[in-house]
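1. sequence unknown, structure follows:
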């Protein structure tokens, strides 16, 4: 950090409520028992207490806890990953079933050490969740898999309900923010998903506060729409540690509201925009009508078979 650079104090609207109730503690205990990772914990998500304590949702992070990339915004550790764990898909599925989730988000560390980027394990995780809980809708959030479209086909053959891949920032800042990633490669990946599965909603996210301009944000919206992306999320970048990129500025909630209005007016079917919004924030609200109807049907059958309502407490 140079002498001209200073840490900016977080504004009041970024303070979050800590709620470690029975549901939160039970979910944390379940993750440890199943030897599973969540991006909620690894990436230090500011919404972890809301999602775990109130919405009873979590984003599973598969393929280990060590990423082969070192993005300058991300708190997930970097290094040489462990061997693939082929028992992981079933453990994730069992956890989804125990929790009675209506929507599951599955992401992963980047595995550039693997020929398929981990696509085979990713796809098996989706299938395992479907077998254990057929009514649960599933969103996947993979890396760019180095632009390998054979791996993308492997992943899309599992038929996720939402495909999410984040561009993370505007074009100008990509090289500084995202290790080994390419802005256009991410856009092309999202476009290719639509070619493989035209009815599957696609989604992407950016962080603000890294030095981008409003015009650059709007250009990123246009770039995503030009590649047939349906859903966009916009959130405030928060520096995880002193080793990561500094926050250039904090956006006011009114600015996020304006960005959401612009995004919707431009043609996105759904946009979440706010200081604490992250890629999987309120993800269960973003599935297609077809997927939502399937979810409702199976959840009702589940409740009828058990002669009870779904209980998220542990």
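-> Ah, there it is. Keep in mind that this is a model prediction, so the values were computed, not measured.
2. which residues in this protein form helices?
-> Taking DSSP state H, the helices of the chain run over residues 22-33, 39-42, 48-50, 88-99, 119-132, 149-156, 174-177, 183-196, 214-226, 253-266, 289-306.
3. Could you tell me the average pLDDT over the shortest one, please?
-> For helix 48-50, mean pLDDT is 61.
4. what mean pLDDT does stretch 216-233 have?
-> pLDDT averaged over stretch 216-233 gives 97.
5. Contacts for that stretch next, please.
-> Here stretch 216-233 makes contact (CB atoms under 8 Å, 6 or more residues apart in numbering) with 162, 164, 167, 170-172, 183, 187-188, 190-191, 194, 201-206, 208, 234, 259, 262-263, 266-273, 277-279, 281, 286. Glycine gets a C-beta too; all of them are placed from N, C-alpha and C.
6. Would you list the buried entries among those residues?
-> Applying 16 or more other CB atoms under 10 Å to the contacts of stretch 216-233, the neighbour count classes 162, 164, 167, 170-171, 183, 187, 190, 194, 201-206, 208, 234, 259, 262-263, 268, 270-273, 277-279, 281, 286 as buried.
7. Tell me which of those residues fall in strands.
-> 162, 164, 202-206, 208, 234, 270-273 (DSSP state E).
8. Any chance of JSON lines for those, columns distance to residue 223?
-> Listed next are those as JSON lines, based on distance: CB to CB, whole Å:
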{"residue": "162", "distance to residue 223": "20"}
{"residue": "164", "distance to residue 223": "16"}
{"residue": "202", "distance to residue 223": "13"}
{"residue": "203", "distance to residue 223": "14"}
{"residue": "204", "distance to residue 223": "9"}
{"residue": "205", "distance to residue 223": "13"}
{"residue": "206", "distance to residue 223": "10"}
{"residue": "208", "distance to residue 223": "15"}
{"residue": "234", "distance to residue 223": "14"}
{"residue": "270", "distance to residue 223": "18"}
{"residue": "271", "distance to residue 223": "15"}
{"residue": "272", "distance to residue 223": "19"}
{"residue": "273", "distance to residue 223": "17"}
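9. For these, which two are the farthest from each other?
-> The largest distance within those, taken as CB to CB, falls between 162 and 208 and amounts to 22.4 Å.
10. show me where pLDDT drops low in the stretch 51-200 of the chain?
-> Scanning the stretch 51-200 of the chain for pLDDT under 70 picks out the ranges 51-58.
11. again, 80 this time
-> Within the stretch 51-200 of the chain, the segments meeting pLDDT under 80 span 51-58, 73, 75-76, 99-101.
12. Kindly report the same for the stretch 201-314 of the chain.
-> 279-314.
13. could you redo the last one with a cut-off of 50?
-> Low-confidence segments of the stretch 201-314 of the chain (pLDDT under 50): 308, 310-314.
14. Distance check, the closest residue to residue 234 other than its chain neighbours against residue 13.
-> The shortest distance from residue 234 to any non-neighbouring residue, by CB to CB, 6 or more residues apart in numbering, is to residue 273 (4.1 Å). Residue 273 sits 14 Å away from residue 13, going by CB to CB, to the nearest Å.
15. okay but residue 129 is in contact with residue 138, surely?
-> Yes. Using CB atoms under 8 Å, residue 129 makes contact with residue 138 at a distance of 5.7 Å.
16. For the two, indicate the residue with more neighbours.
-> Comparing residue 129 with residue 138 by neighbour count (other CB atoms under 10 Å), the higher total belongs to residue 129, at 27 against 23.
17. What residues does that one make contact with?
-> Residues in contact with residue 129 (CB under 8 Å, 6+ apart) are 89, 92, 93, 96, 104, 106, 136, 138.
18. Spit out the contact partners of the nearest residue to it once chain neighbours are set aside.
-> Setting aside the residues directly before and after it, residue 129 is nearest to residue 93 in space (CB to CB, 6+ apart), at 4.7 Å. By CB under 8 Å, 6+ apart, residue 93 lies in contact with 125, 128, 129, 131, 132, 133.
19. again with residue 154
-> Residue 154 is in contact with 116, 119, 120, 123, counting by CB under 8 Å, 6+ apart.
20. quick one: which of those has the most company?
-> Among these, residue 119 has the most neighbours (other CB under 10 Å), with 25 neighbours.
21. List the buried residues for stretch 219-236?
-> By neighbour count with 16+ other CB under 10 Å, stretch 219-236 contains the buried residues 220-221, 223-224, 227, 229-236.
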